[in-house]
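Enquirer: Structural data only, the sequence is not supplied:
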């Protein structure tokens, strides 16, 4: 309180928050709690239903109707993920670098690529399944195979990686590029040594989302890679963990085993998330 010529002037030490701001903050907290609560409920439910039914026989090398082993599906899942990323990551990253660093800003080509990528990212997976079946299984004569499924999933995840790479590169401050140019570095050296390492956490986030989508995809793989329960070669039909879970649930006799497979799939996805987040944090600190 300050007196000035008989007039009391109150100097507020802290501005009161508007009721709209408080309401918005409460809604944000509520949304976050609901999201975390739903996630925890799903994880706990799957673990409670699945962990008691995990048996050593479910990890035997060869699948039979008695042990319903998931080991072939685990191997196929890792193979499918590696092949899909081998196709989509280089194309997506190089495409994002072109759009962000080399293409003329605002050009018609850039607008067309962006609209196309965003449209492809929103297409349902069953459409990709039909495309993969017609293009790779039938037209190219690959048949139901791991390779056909990997190419289909690579096309499915390509728009996400491309757009996220572009946005991550555009988020890098222009001063980084100007400083590199001022020291005499060329365009390629600046992009590879300065810009790309700083944007790497965002690119890894796109790769992480792609891994999650590949691991949980079923429709596209049923039509392209098939449902044979074996450790498949590139030109052979084989099922992934998600397809294996779907088949066990569909048959109706292995519902408990399906929940056990869901636990293993959840653990694999969480491990991939953790490793990717760890790499992203290290790259962020290095940048």
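Expert: Yes, it's here. Just so it is clear, the model here is predicted, and its values are computed rather than measured.
Enquirer: do you know how far the spatially most central residue of the chain is from residue 161?
Expert: Against the mean C-alpha coordinate of the chain, by C-alpha atoms, centre = their mean, the closest residue is residue 209 at 0.9 Å. Residue 209 sits 9 Å away from residue 161, going by C-beta to C-beta, to the nearest Å. For the C-beta atoms, the positions are set from N, CA and C on the backbone; glycine is no exception.
Enquirer: Give me the mean pLDDT for the helix or strand where the residue nearest to the centre of the chain lies.
Expert: Assigned by DSSP states H and E, residue 209 falls within helix 196-216. Confidence for helix 196-216, expressed as mean pLDDT, is 85.
Enquirer: helices or strands up against the helix or strand that it is followed by?
Expert: Heading C-terminal from helix 196-216, the first helix or strand you meet, by DSSP H and E, is helix 219-224. Helix 219-224 sits against helix 125-132, helix 146-170, helix 241-251, with contacts defined as 3 or more C-beta pairs under 8 Å, 6 or more residues apart in numbering; DSSP states H and E.
Enquirer: if we can go back for a sec, okay, now the closest residue to the residue nearest to the centre of the chain other than its chain neighbours: neighbour count?
Expert: Counting by C-beta to C-beta, 6 or more residues apart in numbering, residue 209 lies nearest to residue 160, which is 6.1 Å off, once chain neighbours are set aside. Residues near residue 160, counting by other C-beta atoms under 10 Å, number 21.
Enquirer: what's the distance between the closest residue to residue 165 other than its chain neighbours and residue 18?
Expert: Excluding its sequence neighbours, the residue lying closest to residue 165 (C-beta to C-beta, 6+ apart) is residue 96, at 2.7 Å. Per C-beta to C-beta, residue 96 is found 40 Å from residue 18.
Enquirer: Who has more neighbours out of the two?
Expert: residue 96 (26 against 9).
Enquirer: for the host helix or strand of residue 117, which positions count as buried?
Expert: Element membership for residue 117, per DSSP H and E: helix 108-121. Neighbour-count burial for helix 108-121, counted by 16 or more other C-beta atoms under 10 Å, picks out 110, 113, 117, 120.
Enquirer: same thing with stretch 206-218?
Expert: Quick answer for stretch 206-218 (16+ other C-beta under 10 Å): 206-218.
Enquirer: List just the nearest of those residues to residue 74.
Expert: residue 215 (10.6 Å; C-beta to C-beta).
Enquirer: Once you drop chain neighbours, what's closest to the closest one?
Expert: For residue 215, the spatially nearest residue (C-beta to C-beta, 6+ apart) is residue 269, at 5.5 Å.
Enquirer: Just give me the neighbour total for the one you found.
Expert: Neighbours around residue 269, by other C-beta under 10 Å: 16.
Enquirer: pretty sure it is in contact with residue 209, am I right?
Expert: No. The pair residue 269 / residue 209 is not scored as a contact, 11.1 Å apart, by C-beta atoms under 8 Å.
Enquirer: Check whether residue 62 sits in a helix, strand or coil.
Expert: coil (DSSP: H, G, I helix; E, B strand; the rest coil).
Enquirer: And it, how close does it get to residue 237?
Expert: Relative to residue 237, and taking C-beta to C-beta, residue 62 is found at 16 Å.
Enquirer: The two: which is more packed in?
Expert: Using other C-beta under 10 Å, the more surrounded residue of residue 62 and residue 237 is residue 237, with 20 against 11.
Enquirer: would the more buried one count as being in a strand?
Expert: No. Read with three-state DSSP, residue 237 is coil and lies in no strand.
Enquirer: what's near enough to touch it?
Expert: 143, 144, 145, 146, 225, 226, 227, 228 (C-beta atoms under 8 Å, 6 or more residues apart in numbering).
Enquirer: make it 6 Å
Expert: 144, 226, 228 (C-beta atoms under 6 Å, 6 or more residues apart in numbering).
Enquirer: Those, buried ones only, as a PyMOL selection?
Expert: A single PyMOL command selects the buried members of the contacts of residue 237 (16+ other C-beta under 10 Å):
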select buried, resi 144+226
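Enquirer: now, which of the contacts of residue 237 sits nearest residue 282?
Expert: Nearest member of the contacts of residue 237 to residue 282, counting by C-beta to C-beta, is residue 226, at 38.7 Å.
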